[in-house]
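> model this:
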Amino acid sequence: MSALEPLAEQIARISLQEAQVPPLPGQGRWCAQQVVEHLILTYELTSGSVSRHLKSGHLPKNRRSLLEFVLRVQTIGLGYMPDGIPAIRAFRPSQFTPEDGLTIAARFMETAEEMDRLLVAARRKFGIQACGEHPFFGVMRVDEWRRYHAIHAAHHAGQLRNAIRYAQSLQAAPEGADPLTPAPVRRGA
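I've put the predicted structure just below:
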């Protein structure tokens, strides 16, 4: 899971307070912890789906709707995940215990490593056959799960960076300054 380590390192450096500040308060944007909680929820989805098929020994039925096919081509095939599409309700981080960056990063990596362990086991057991089901993309093979998660993490990397940058800018704002009002621009003399 070394591809996820840069995200974990980013989040590990922030305080409890910084992890909870959404970048544009009131705009429905996620704070740094919510971004990572969302990724953790998607890793848990993958782990659950793959684990069920590993335990049962049965491969999922290889059927997809036209919409699932189009979404797969767009995301997994072309590597494009559009901005502004709300996450499925089950993957929205609505309830969580506020934690500092180190704790969040550790849980993030632990969940990703568990998913990786299950994907390795699925590759051994099922080979190149589908080993789990995604709610948008239908049945997926191990290589497709890995590509999806790499694209998904990259999709949220900028959002995480922005949430952290915004939270840290509030910490650096002068005492009494309104953090939502930009500082005046000074022109050269």
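> Every contact and neighbour count from this point should use C-alpha atoms.
Will do.
> give me phi/psi at residue 75?
Reported as degrees, to the nearest 10, the phi and psi values for residue 75 are phi -90, psi -60.
> can you tell me how far it sits from residue 116?
Going from residue 75 to residue 116 by CA to CA, to the nearest Å gives 20 Å.
> show me what contacts residue 81?
By CA atoms under 8 Å, 6 or more residues apart in numbering, the residues touching residue 81 are 74, 75, 151, 152, 155.
> ChimeraX command to pick out the buried ones of these?
Selection of the buried residues among the contacts of residue 81 in ChimeraX, burial being defined by 16 or more other CA atoms under 10 Å:
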select :75,151,152,155
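> I'd like to know which of the contacts of residue 81 are part of helices.
151, 152, 155 (DSSP state H).
> now the strand or helix carrying residue 147: mean pLDDT?
Here residue 147 sits within helix 142-172, counting by DSSP states H and E. If you average the pLDDT over helix 142-172, you get 91.
> Which secondary structure elements does that helix sit against?
If contacts are counted by 3 or more CA pairs under 8 Å, 6 or more residues apart in numbering; DSSP states H and E, helix 142-172 sits against helix 5-12, helix 16-19, helix 32-56, helix 101-126.
> hmm, try it at 7 Å
helix 16-19, helix 32-56 (3 or more CA pairs under 7 Å, 6 or more residues apart in numbering; DSSP states H and E).
> how about low-confidence regions in the chain?
Residues of the chain that meet the criterion pLDDT under 70 lie in 1-2, 25-28, 173-189.
> which residue is nearest the middle of it?
residue 39 (2.6 Å; CA atoms, centre = their mean).
> and the gap between that one and residue 89?
Taking CA to CA, one finds residue 39 at 13 Å from residue 89.
> what do you get for residue 124?
32 Å.
> re earlier: list the buried ones in the helix holding residue 147?
For helix 142-172, using 16+ other CA under 10 Å, the buried residues are 142, 144-157, 159-164, 166-168, 170.
> picking that back up, for residue 49, state which of the contacts of residue 81 is nearest.
residue 152 (17.5 Å; CA to CA).
> before we move on, which element is the residue nearest to the closest one when sequence neighbours are not counted in?
What sits nearest to residue 152 in space, not counting adjacent residues and going by CA to CA, 6 or more residues apart in numbering, is residue 81, at 7.3 Å. For residue 81, there is no enclosing helix or strand under DSSP H and E.
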